[in-house]
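J.: okay, predicted coordinates and the sequence, questions at the end:
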Amino acid sequence: MITRGVLLVDPGAVPRGDWGARARQRALVAALAGGPDVVVVGLGALALGGVHGLPLHYVPEFTSLSGVHLRSSAQARARRLERHAAIDGHPKLVQVGGVTIAGPLWALSQGLPGMDREHAVAVVDSALQVGAISPSALPVLTDLLAGSRGVRSLRRWLTLVDGRAESPLETRARLECHDAGVPPDDLQRVVLDARGRFIGRCDMVWELGGGRLLVIEMDGGHHRRDGQIDIDNARDNSLTRAAHVVYHYGWRHLGTHVIAATVRDELGRAGRAA
């Protein structure tokens with residue numbers, strides 16, 4: 001709540017491990033701080049729009065529709081935005097839960113500058129995956145980024161985007177494999193058994209020859225809840241019976257080079273040069 005200009009947010013209201021909820025909570029700080037005519041922009045707008053992969057400790061930004069002077073604080077930053085011509089199919093403003101936010105394409109153009117590669121690719125992957133933007137919007141986004149901080153790097157990183165990634169964890173693992181020279185052959189591959197029955201949809205796959213696949217699954221926190229581990233085990237058993245090779249990794253394995261090393265080793269065993 002706001003009392004005499006003081007914003008109080010209960011940090012215990014959101015579980016520490018729920019990164020998406022914490023990102024949205026930060027965005028609501030901007031909505032509360034700006035007053036009735038506020039528009040949440042940039043990363044906060046993306047968070048409220050359901051996009052994942054944002055930096056956890058970002059400062060949300062807001063602007064005003066009425067043009068009144070806004071004051072920044074340590075918790076929320078007022079931002080004056082340049083005016084751009086409207087783009088068909090990409091609304092500048094949308095409403096989410098009673099809060100006015102920048103439309104997703106515009107929010108990306110506001111929030112991406114200054115990001116590192118891992119966050120930038122994960123955020124755009126997620127925007128595609130949740131349907132906030134379509135692949136046809138990427139060239140438009142590239143144009144909107146003109147003149148932004150780090151635009152050359154951002155444009156290069158946008159070539160690495162793949163909306164099939166279903167989590168920032170998958171995006172980061174894919175980037176590690178790309179950097180190591182062993183990018184996956186496919187993402188979210190539907191795998192069938194010899195009778196054509198569905199076995200599963202696999203995060204990242206590499207062809208080993210003879211119809212065999214190397215499958216790497218990236219397991220986030222949800223894999224430890226709601227019986228997901230039993231589902232995963234049953235699928236893994238079916239994949240193994242079909243002669244596929246399966247590995248599971250999680251957040252703790254990122255940065256250790258173990259994922260790319262596993263891929264390289266398995267490709268070598270299959271006689272396929274990395």
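T.: Now that the structure is in, tell me what you want to look at.
J.: break this protein down into its structural domains.
T.: 2-163, 169-269 (automatic domain parsing).
J.: mean pLDDT lowest for which of the ones you listed?
T.: Lowest mean pLDDT within those: domain 2-163, a mean of 86.
J.: show me the contact partners of the top strand by length along the chain.
T.: Ranked by residue count under DSSP state E, the longest strand found in the chain is strand 198-209. For strand 198-209, contacts defined as C-beta atoms under 8 Å, 6 or more residues apart in numbering pick out 166, 170, 173-174, 177, 182, 184-193, 213-218, 235, 238-239, 242, 245, 263, 266-267, 270-272. Glycine gets a C-beta too; all of them are placed from N, C-alpha and C.
J.: which helices and strands sit right next to the helix or strand following that strand?
T.: Per DSSP states H and E, the first helix or strand lying C-terminal to strand 198-209 is strand 212-218. Applying 3 or more C-beta pairs under 8 Å, 6 or more residues apart in numbering; DSSP states H and E, we find strand 212-218 packed against helix 168-179, strand 186-192, strand 198-209, helix 228-241, strand 245-249, helix 258-269.
J.: the inter-axis angle of the third one versus helix 258-269?
T.: To tie it back to what came earlier, the one meant is strand 198-209. 60 degrees (axes from the mean of the first three to the mean of the last three C-alpha atoms, to 10 degrees).
J.: with the first one instead?
T.: Following the same axes, to 10 degrees, one obtains 50 degrees for the angle between helix 168-179 and helix 258-269.
J.: render the CA-only coordinates of helix 168-179 in CSV, please.
T.: Presented in CSV, the C-alpha positions along helix 168-179 are these (Å, rounded to 0.1, in the frame of the first residue of the first chain):
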residue,chain,number,x,y,z
PRO,A,168,15.0,-19.7,-19.6
LEU,A,169,16.8,-22.8,-18.3
GLU,A,170,16.4,-24.5,-21.7
THR,A,171,17.5,-21.3,-23.5
ARG,A,172,20.7,-21.0,-21.4
ALA,A,173,21.6,-24.7,-21.9
ARG,A,174,21.1,-24.3,-25.7
LEU,A,175,23.4,-21.2,-25.7
GLU,A,176,26.1,-23.2,-23.9
CYS,A,177,25.9,-25.9,-26.5
HIS,A,178,25.9,-23.4,-29.3
ASP,A,179,29.1,-21.7,-27.8
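J.: perfect, I'm done here.
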